[in-house]
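> Fold the following, please.
(one chain, ligands or ions: 1)
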Amino acid sequence: MKNKLISLLLLSVIAAGCTDRTDIIRENIEHAKAQLAYLIEASEEGDTLMIPSTYKFDKIEFVPTDDWVSGFFAGTLWYMYELTGEEMYAEKAQKHTEILHDIQFLKWHHDVGFMVYDSYGNGLRLKNIPGYDTVLVNTAKSLATRFRPAAGIIQSWNTDNPKQWQAHRGWDCPVIIDNMMNLELFFKVSEMTGDDTYRNIAMSHADKTLKNHYRDDFSTYHVVDYNDETGEVRGKYTAQGIADESRWARGQSWSLYGFTVAYRFTGEERYLQRAKDVAKYLYVEEDNMPEDLVPLWDFDVVEFANALPENEFLYPNLKDKELPKQYTEIRDVSSAAINASALYELYWHTKDEFYKEIADRTIESLSTEAYRAKVGENGGFLFMHSVGSLPHSLLNIEKGRTKSHNIDVPLNYADYYFLEALIRKGRVEKGENPIR
Ligand code: GLY
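So this is what the prediction gives:
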């Protein structure tokens, strides 16, 4: 394992010697400008704006405003404004932000933190647009309705509507590791308003996650189901990984990013320590982390592929069968991009060069043609090769639905977190705080 680490760092040092690291930022900005010109045009139909989420079968797929990924395109445009200073991006970003106006009142799932912070949050930060602060506060109020005081957590998904995602799993109060990403909104709103209610909820949620979501090696489960009246943990599962006991890659990324943010706002050592432990698990101890640092969609896919768990919900039609080989080699670029962004922040808090080297190496890998789209291809998205939810996609394929089949495709959040990482890289290299 040590050898793997040394070879990673050597690769970084060699790459650093060969590449002017400012160039890689500039060059990625030029690439993004060219790609997004196409995607911006495709997302506008007269006065109607659409939200691009992915591209497959030669078509861009658009999502409704209440989809969890609806804020990422607006956020991508805000980041392009931040990277280039070009007002055109701010104008487009503002329009794409404001189509999400009603999300501040959405209470039926937990993802409003992502949706509103990426869009309105960035707009507020970069342009201080009047009214955006109120949207953030209203969103925090909506999200706070999902706090379950006895269990001390924010409920991720509802369980009472059979049409809803995962409602059939028999869970009472499911919490997914992704939910750590919604805490940034809570912390920010408490900072803005002086009302500690949201910060207290966020810390309660972070503390319960710290206690209940992790294995001894600091990898995380995807789902923890609570009894919302007693707070007891009913069980630990996956919804998007290959098995309950597997390490779904993006879940590990949300965990790294989420605890880094929790430390940023609270200064609590236990959160910083958890982020460091997760980074160590991922980049020192995880034997299945590929050398180029772009994770397999699930680190344990190979182990479980030949013995799929008896799980009627995950792979009903593959029970007792093997996962087709083509799914065992797929990477998740979104996971790599989230990790890189989190690692620049973790580097800033710790000044430990290891985190920056790993982040730089990830940016370098993603900037190769193995992952980055050729200009004019990929529907205008920046990166290829991400995975939404493989189990759900397989079900959709079997049912003949092409929509929501998100295996090995571009995803708008991979692009969003990559640009965020690029901004952070630029700042830390100038000795500036990556977070503004
Ligand atoms: N939050 C859903 C996902 O990461 O796929």
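
> Contacts only, for E27.
Under the criterion of C-beta atoms under 8 Å, 6 or more residues apart in numbering, the neighbours of E27 are S367. The C-beta positions use only the backbone N, C-alpha and C, and glycine is treated the same way.

> And it, how close does it get to I423?
Using C-beta to C-beta, to the nearest Å, one obtains 15 Å as the distance from E27 to I423.

> The stretch 201-350 of the chain: helices as residue ranges?
Taking DSSP state H, counting those that start in this stretch as the test, the helices found in the stretch 201-350 of the chain are 249-266, 269-280, 301-305, 333-350.

> And the ones you listed, which one averages the lowest pLDDT?
Ranked by mean pLDDT, those bottom out at helix 301-305, with a mean of 92.

> buried stuff in that one?
For helix 301-305, the neighbour count (16 or more other C-beta atoms under 10 Å) marks V301, E303, F304, A305 as buried.

> Pick out whichever of those sits closest to the ligand.
When those are compared for distance to the ligand (C-beta to the nearest ligand atom), V301 wins out at 15.9 Å.

> thought the closest one was touching Y327?
Yes. The pair V301 and Y327 passes the contact test of C-beta atoms under 8 Å, sitting 7.1 Å apart.

> Keep only the buried residues of helix 301-305 that also lie close to the ligand.
Near the ligand, judged by C-beta under 6 Å from any ligand atom, there are no entries from the buried residues of helix 301-305.

> and the residue of this structure nearest the ligand?
For the chain, C-beta to the nearest ligand atom, closest residue to the ligand: D178, 3.8 Å.

> surely that residue meets W254?
Yes. D178 lies in contact with W254 (C-beta under 8 Å); the separation is 4.7 Å.

> got the residues of the stretch 251-400 of the chain near the ligand?
So far as C-beta under 6 Å from any ligand atom goes, the stretch 251-400 of the chain lies against the ligand at G388.

> Kindly recompute the last result at 5 Å.
Proximity of the stretch 251-400 of the chain to the ligand, by C-beta under 5 Å from any ligand atom, involves no residues.

> One more: the stretch 101-250 of the chain?
D178, R250.

> In the stretch 101-250 of the chain, mark out all the strands, start to finish.
Assigned by DSSP state E, counting those that start in this stretch, the strands in the stretch 101-250 of the chain fall at 147-148, 153-154, 173-176, 223-226, 233-237.

> in which helix or strand would I find I363?
helix 353-366 (DSSP states H and E).

> Show me what the helix or strand just after that helix pairs with in its sheet, parallel or antiparallel.
Downstream of helix 353-366, the next assigned helix or strand under DSSP H and E is strand 386-387. For strand 386-387, sheet partners with direction are given as strand 407-409 (antiparallel), following DSSP bridges.

> gap between the strand it pairs with and the chain center?
For strand 407-409, the separation from the chain centroid amounts to 15 Å (computed by C-alpha atoms, centre = their mean, to the nearest Å).

> swap in stretch 139-151?
The gap between the average C-alpha position of stretch 139-151 and the chain average comes to 21 Å, counting by C-alpha atoms, centre = their mean.

> thinking again about what came up before, report how many residues lie close to the residue of the chain closest to the ligand.
As a burial measure, the neighbour count of D178 was computed by other C-beta atoms under 10 Å and equals 24.

> ok, so what distance separates G85 from I29?
Distance check for G85 against I29: by C-beta to C-beta, it reads 11 Å.

> neighbour-wise, which of these two wins?
Comparing G85 with I29 by other C-beta under 10 Å, the one with more neighbours is I29, at 16 against 9.

> right, and the more buried one touches Y81 too?
No. With contact defined as C-beta under 8 Å, I29 and Y81 do not form a contacting pair (11.6 Å).

> follow-up on the earlier one: could you dump the helices of the stretch 201-350 of the chain into a markdown table with distance to D111 added?
Formatted as a markdown table, the entries for the helices of the stretch 201-350 of the chain read as follows, by distance: least, C-beta to C-beta, whole Å:
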| stretch | distance to D111 |
| --- | --- |
| helix 249-266 | 12 |
| helix 269-280 | 21 |
| helix 301-305 | 25 |
| helix 333-350 | 15 |
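
> Quick one: distance of the biggest helix by length in the chain to the chain centre.
For the chain, the helix with the greatest residue count under DSSP state H is helix 21-42. When C-alpha coordinates are averaged (C-alpha atoms, centre = their mean), helix 21-42 and its chain have centres 20 Å apart.

> so what strands line up beside whatever helix or strand comes next after it?
Stepping forward along the backbone from helix 21-42, the first helix or strand reached (DSSP H and E) is strand 44-45. Note on strand 44-45: by DSSP bridges, its sheet partners are strand 48-49 (antiparallel).

> what does the strand it pairs with contact?
By C-beta under 8 Å, 6+ apart, the list of residues contacting strand 48-49 from outside reads S43, K95, H96, I99.

> What is the subsequent helix or strand relative to that strand?
Toward the C-terminus, strand 48-49 is succeeded by strand 51-56 as the next helix or strand (DSSP H and E).

> isn't V409 right up against K56?
Yes. At 5.0 Å, V409 and K56 qualify as touching, with contact defined as C-beta under 8 Å.

> any idea of the pLDDT on the nearest residue to E398 once chain neighbours are set aside?
Leaving out its chain neighbours, the residue that sits closest to E398 by C-beta to C-beta, 6 or more residues apart in numbering is N317, at 5.7 Å. Looking at N317, its pLDDT stands at 72.

> likewise L366?
The predicted structure scores L366 at 98 on the pLDDT scale.

> one step back: mean pLDDT and mean neighbour count added to the strands of the stretch 101-250 of the chain, as a markdown table?
As requested, the strands of the stretch 101-250 of the chain are arranged in a markdown table below (pLDDT from 0 to 100; neighbours: other C-beta atoms under 10 Å):
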| stretch | mean pLDDT | mean neighbour count |
| --- | --- | --- |
| strand 147-148 | 98 | 20 |
| strand 153-154 | 98 | 26 |
| strand 173-176 | 98 | 26 |
| strand 223-226 | 98 | 24 |
| strand 233-237 | 97 | 17 |
